[in-house]
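Visitor: With the sequence up front, the predicted model follows.
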Amino acid sequence: MDPEYYGGGHYQPKVREKRKTINDSDRSQWIDNDEGLYSWWRSSRQSKRAFIRENRAEITRIINDALNRSPRS
């Protein structure tokens with residue numbers, strides 16, 4: 001028996017983890033609250049919207065790295 005499908009004496013379908021997506025509103029909040037992202041944006045001398053549009057993939061990578069980092073002990 002596969003333990004991922006077994007629970008409480010009954011077979012249950014494996015629950016899939018919902019993929020978390022990051023939208024531009026989330027990116028904007030991260031820029032406002034993360035000192036490094038904020039400094040990067042301000043030094044670009046762009047509007048926040050243009051900055052996010054131009055750097056979307058890199059901002060998303062930075063956010064995902066921060067979210068996946070294990071908490072400090």
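Guide: Sure thing, it's come through.
Visitor: Mind giving me the packing neighbours of the lengthiest helix in the chain?
Guide: Longest helix in the chain, counting residues (DSSP state H): helix 48-68. For helix 48-68, the packing partners by 3 or more Cβ pairs under 8 Å, 6 or more residues apart in numbering; DSSP states H and E come out as helix 24-33, helix 35-44. (C-beta placed from N, C-alpha, C; glycine too.)
Visitor: what about the protein, any weak spots by pLDDT?
Guide: 1-19, 73 (pLDDT under 70).
Visitor: mind running it again at 90?
Guide: 1-21, 67-73 (pLDDT under 90).
Visitor: Grab the most central residue of it for me.
Guide: residue 64 (4.1 Å; Cα atoms, centre = their mean).
Visitor: Could you find the closest non-adjacent residue to that residue?
Guide: Among residues not flanking residue 64 along the chain, residue 22 sits closest, at 7.6 Å (Cβ to Cβ, 6 or more residues apart in numbering).
Visitor: what residues are up against that neighbour?
Guide: Contact analysis of residue 22 by Cβ atoms under 8 Å, 6 or more residues apart in numbering lists 60, 63-64.
Visitor: Work out for me the element it sits within.
Guide: In this structure, residue 22 sits in neither a helix nor a strand according to DSSP states H and E.
Visitor: For it, give me phi and psi.
Guide: In terms of degrees, to the nearest 10, the main-chain angles of residue 22 are phi -110, psi 120.
Visitor: and what of residue 46?
Guide: Phi and psi for residue 46, reported as degrees, to the nearest 10, are phi -110, psi 160.
Visitor: Quick one: residues in contact with stretch 64-73.
Guide: For stretch 64-73, using Cβ under 8 Å, 6+ apart, the contacting residues are 22, 34.
Visitor: For stretch 25-38, C-alpha coordinates in PDB please.
Guide: Extracted as PDB, the C-alpha positions of stretch 25-38 are listed here (Å, rounded to 0.1, in the frame of the first residue of the first chain):
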ATOM      1  CA  SER A  25       0.900  43.300  -6.600                       C
ATOM      2  CA  ASP A  26       2.900  40.800  -4.600                       C
ATOM      3  CA  ARG A  27       6.100  41.900  -6.300                       C
ATOM      4  CA  SER A  28       5.300  45.500  -5.400                       C
ATOM      5  CA  GLN A  29       4.700  44.700  -1.700                       C
ATOM      6  CA  TRP A  30       8.100  42.800  -1.600                       C
ATOM      7  CA  ILE A  31       9.800  45.800  -3.100                       C
ATOM      8  CA  ASP A  32       8.300  48.000  -0.500                       C
ATOM      9  CA  ASN A  33       9.300  45.700   2.400                       C
ATOM     10  CA  ASP A  34      12.700  44.300   1.300                       C
ATOM     11  CA  GLU A  35      15.600  46.700   1.700                       C
ATOM     12  CA  GLY A  36      17.600  45.200  -1.200                       C
ATOM     13  CA  LEU A  37      14.700  45.200  -3.700                       C
ATOM     14  CA  TYR A  38      13.700  48.700  -2.600                       C
END
